[in-house]
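Peer 1: I'll drop the sequence and a predicted model, then ask my questions.
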Amino acid sequence: MESKKITIKDIAKVANVSHPTVSMALNNRPGVGEKKRQEIVHIAKQLGYQPNLVAKALVSNRSYTLGLIINNISDQFYTDLAKGVEKAADESGYNIILCTTNDSLNSQKKYLDILQSRGVDGIIISTVSARDPHINFLVKEQFPFVCINRVSLDRSLDNKIDYVILDNYSAGYKGIEHLWKLGHDRIAVITGSLDASNAIASLKGTKDFLLDLQIKMDPKLLREGNYSRKTAYNAAKQLVKLKKPPTAIFAQDDNMALGVREALLDLDLRIPEDIALIGIDNIEMGTLTGIDLTTISQEKYEMGYLGAKILIKTIEKKVPAMVEKIVLAANLIVRKSCGYSQCGYKR
């Protein structure tokens, strides 16, 4: 026998309230106290209530669906970020459509068009390029979106885009500072894609630290890694074959740092005895015993969570029409790959 479908009226009867009260509570609308709302939500879960999303969409003129555009789901950075987005969306009754661009602007444009045609209520974008040609369209159309991880550097859009990012400048500055304090003078830097705001800011932080010390960066020690483990692997092999190889490598992304680590081990080089290594992101794999990657932390989950919350507030117009710009702190996390535990700071 088919089980009876639980309705709002069933929940109202158990909770001893009117069914409009149940509707307001389940849709997180004002008019119901928080204690009563939680009680109603708990009863709905116990009864196995499943909302009619089609009816809900028709009434509200919304799909309760968000698009999330990321670069590469196999990169743990994006996995953690997506988990944060999913949690925030679930709390507010939204579903997620996930799209991966594999670092292609053409793919990003394709997915932006698809998501809009599918009727999503808003889009979370983590793949924006520094001069992204597609963002202007979203702004002009007043389509709800938020940037996370990366943001457009078009000055004309400064006060038109919501975003949540890492303090990438600080990350780049702190990483090179740490290696310099350990006594390294030949420090190689492998950047992310220099068409992305986070890589541009990280490199500027690194260069500014050296500039503060009146040290000119050797261009032979600078490589663009495009946030690719394979590209960083190849770059590391090239760097150690230089006539004057580096004594330390700052890979400005943990995924790239793992590629560097693999290359160094393939060449029978010890980390950190032969070459010190640090990254940026603080992904879980870097914490594993034997890897012990020194890194600059990035709160990926929080970034995704906050970005989704901002977007949902915009969609539901729960806040005044003000641009939200959140910059998360970058903190140095010292592990064994940099050599600090062996000798400490020398400067």
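Peer 2: Right, received. Where do you want to start?

Peer 1: which stretches of the chain aren't confidently modelled?
Peer 2: By pLDDT under 70, the weakly predicted segments of the chain are 1-4, 51-61, 318-321.

Peer 1: now the strands for it?
Peer 2: 65-70, 95-100, 122-125, 145-148, 163-166, 187-191, 222-224, 248-251, 276-281, 294-297, 325-328, 332-333 (DSSP state E).

Peer 1: mind listing what the third one pairs with, with the direction of each?
Peer 2: Yep, that's strand 122-125 we're talking about. In the sheet, strand 122-125 lines up against strand 65-70 (parallel), strand 145-148 (parallel) (DSSP bridges).

Peer 1: can these go into JSON lines with extra columns for mean neighbour count and distance to G183?
Peer 2: Just so you know, the C-beta spots here come from the backbone N, C-alpha and C atoms, and that holds for glycine as well. Formatted as JSON lines, the strands paired with strand 122-125 follow (neighbours: other Cβ atoms under 10 Å; distance: least, Cβ to Cβ, whole Å):
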{"stretch": "strand 65-70", "mean neighbour count": "24", "distance to G183": "38"}
{"stretch": "strand 145-148", "mean neighbour count": "28", "distance to G183": "37"}
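
Peer 1: just to revisit the earlier point, hey, which of the strands of the chain is tucked in deepest?
Peer 2: strand 248-251 (a mean of 30; mean count of other Cβ atoms under 10 Å).

Peer 1: who does that one touch, helix- and strand-wise?
Peer 2: helix 168-181, strand 187-191, helix 229-240, helix 254-266, strand 276-281 (3 or more Cβ pairs under 8 Å, 6 or more residues apart in numbering; DSSP states H and E).

Peer 1: Would you format these as a markdown table with distance to E91 included?
Peer 2: Shown next, in a markdown table, are the helices and strands packed on strand 248-251 (distance: least, Cβ to Cβ, whole Å):
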| stretch | distance to E91 |
| --- | --- |
| helix 168-181 | 28 |
| strand 187-191 | 36 |
| helix 229-240 | 33 |
| helix 254-266 | 28 |
| strand 276-281 | 25 |
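
Peer 1: Mean neighbour count, the ones you listed: which tops it?
Peer 2: By mean count of other Cβ under 10 Å, these have strand 276-281 as the most buried, with a mean of 28.

Peer 1: quick revisit: compare the strands of the chain and give me the one nearest D80.
Peer 2: Among the strands of the chain, strand 276-281 comes nearest to D80, with 8.8 Å by Cβ to Cβ.

Peer 1: Tell me which strands the closest one pairs with, and in which orientation.
Peer 2: Sheet partners by DSSP bridges: for strand 276-281, these are strand 248-251 (parallel), strand 294-297 (parallel).

Peer 1: on that earlier part again, closest one to Y111 among the helices and strands packed on strand 248-251?
Peer 2: helix 254-266 (21.6 Å).

Peer 1: and L211, how many residues sit next to it?
Peer 2: 12 (other Cβ atoms under 10 Å).

Peer 1: Please disregard the earlier target; I meant G183.
Peer 2: By other Cβ under 10 Å, neighbour count at G183 equals 15.

Peer 1: Same check on L47?
Peer 2: 14.

Peer 1: ok, back up a step: could you save the strands of the chain as CSV and add columns showing distance to Y173?
Peer 2: Converted to CSV, the strands of the chain look like this (distance: least, Cβ to Cβ, whole Å):
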stretch, distance to Y173
strand 65-70, 27
strand 95-100, 31
strand 122-125, 26
strand 145-148, 22
strand 163-166, 12
strand 187-191, 12
strand 222-224, 16
strand 248-251, 11
strand 276-281, 11
strand 294-297, 10
strand 325-328, 14
strand 332-333, 10
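
Peer 1: Any idea which of those strands gets closest to R131?
Peer 2: Comparing the strands of the chain by Cβ to Cβ, strand 145-148 comes nearest, at 13.5 Å.

Peer 1: now the closest one, how far from the centre of its chain.
Peer 2: 10 Å (Cα atoms, centre = their mean, to the nearest Å).

Peer 1: go on, stretch 300-310?
Peer 2: From the chain centre to the centre of stretch 300-310 is a distance of 8 Å (Cα atoms, centre = their mean).

Peer 1: What of stretch 23-31?
Peer 2: The answer for stretch 23-31 is 30 Å, by Cα atoms, centre = their mean.

Peer 1: Contacts for it, please.
Peer 2: For stretch 23-31, contacts defined as Cβ atoms under 8 Å, 6 or more residues apart in numbering pick out 8, 11, 21, 32, 36-37, 40-41, 44, 49, 51, 56, 92-93.
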